[in-house]
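> Okay, here's the prediction I keep looking at, along with the sequence it came from:
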Amino acid sequence: MIPLRATMLIDAPVEQVCAILARSDIWTRTARALGARAQVTGRDGASFAPLADGDRIAITGPRTGSFTVVVDLDPVAQDDSRLIPPLLRLTGPSGPVGAATIRLFVADTPAGALVTVDVDLQPGSRRARFLLAWPNLRRRVLRGEQTLLGIAALAADEVQVVVAGAIVAGGRVLAARRSAPASLAGRWELPGGKVDPGESDAAALTRELREELGVEVEVGEQIGPDVALGPRRVLRCLRARLLDPTRPIEPTEHDQVRWLTADELDEPDWLDADDELLPHLRTALAARGHD
Ligand SMILES: Nc1nc2c([nH]c(=O)n2[C@H]2C[C@H](O)[C@@H](COP(=O)(O)OP(=O)(O)OP(=O)(O)O)O2)c(=O)[nH]1
């Protein structure tokens, strides 16, 4: 049977689109948009972790019926487009329908990532062949594919926030020197990193500062405005208070850290975006005095 195919051009880098399609929340959100419920094995509906080989997505809904999608990450060779994981095989629908395979292709084009979803229906019997030819069922499958692509496109359009911590103690703020990538190595920043999809800014900063400096913090208010890092990326500086100021800072990703007073703020070679934060950091240091 001819696969039911939907395509969409998503104006984002291929790697980003591939990562989005492999996120489990994209599949649970698609099910919800179709009036169904999806449960990925061992994960709650808000999980943004990538799907793993062997994961099962149980889908239940009045219009979709009940079936399970088994994630199969074996890539299949394809000459003219990149087939990315997840290759999903749909198995064991509860009705008389046989099996189906969902394949995702992502091709790099000058206009963005061209995503193709193919659903191959494989009837298990003559009766199933008849049911699968039913236009209403085929329309529903196509609508499901288009919904998935629409949700992936919306996710690609979400702004990526990089949180940076202004760790203030004793009237000084902690700056850290990057050791990677080569283009940024040697320049100074406020420690932090990217907020994962679905993660709060405070949770992301707490996680990043634990990973990068081995410290526990309480996250406070934003300092200064969001600073644009690119078309869909901003730098957001948040105050962070060390829960145990006596504990030594142990940088794992930076090759140097230093505490700066308001007067020393101009000394390091900051990343470009951070320059815009310096006046706000100076005000924050002055306002709080010696905390
Ligand atoms: N953390 C941090 N990143 C900054 C600052 N200023 C600035 O332009 N950036 C840029 C540099 C990077 O391109 C990006 C943050 O990337 P990152 O490498 O720190 O984030 P991450 O730990 O989540 O990275 P990853 O390894 O997971 O990709 O934001 C800043 O003050 N702090």
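Great, that's in hand. Numbers count the residues shown, from 1 in each chain.
> Next, work out how far apart C18 and the ligand are.
According to C-beta to the nearest ligand atom, to the nearest Å, C18 and the ligand sit 15 Å apart. Backbone N, C-alpha and C define where each C-beta goes, glycine included.
> what's the spacing between that residue and D201?
25 Å (C-beta to C-beta, to the nearest Å).
> correct me, but A262 touches L285?
Yes. Counting by C-beta atoms under 8 Å, A262 does reach L285; the two are 4.4 Å apart.
> what's the overlap in contacts for these two?
Each of G171 lies in contact with both A262 and L285 under the rule C-beta atoms under 8 Å, 6 or more residues apart in numbering.
> Between these two, which is the more surrounded one?
Comparing A262 with L285 by neighbour count (other C-beta atoms under 10 Å), the higher total belongs to L285, at 22 against 16.
> D263 is in contact with the more buried one, correct?
No. The criterion here is C-beta under 8 Å, and L285 misses it with D263 at 9.5 Å.
> Contact partners for the closest residue to R23 other than its chain neighbours?
Nearest-residue entry for R23: F48, 5.4 Å, with adjacent residues in sequence omitted and distances by C-beta to C-beta, 6 or more residues apart in numbering. With contacts taken as C-beta under 8 Å, 6+ apart, F48 has the following neighbours: 23-25, 196-199.
> ok, so of the residues you listed, who is nearest Q256?
Set against Q256, the nearest of these by C-beta to C-beta is D196 (26.9 Å).
> mind checking how far the closest one is from E208?
Applying C-beta to C-beta, the value for D196 to E208 is 10 Å.
> Would you mind telling me which of those two has the busier surroundings?
Here D196 and E208 are set side by side on neighbour count (other C-beta under 10 Å), and the busier one is E208, at 22 against 14.
> Not counting residues beside it along the chain, what's closest to the more buried one?
Leaving aside its sequence neighbours, E208 sits nearest to G193 (C-beta to C-beta, 6+ apart; 4.1 Å).
> Then S24?
Of all residues not flanking S24 in the chain, V40 sits nearest, at 4.5 Å (C-beta to C-beta, 6+ apart).
> Name the residue of the stretch 51-200 of the chain that lies nearest to the ligand.
Per C-beta to the nearest ligand atom, G193 is where the stretch 51-200 of the chain lies closest to the ligand, at 2.9 Å.
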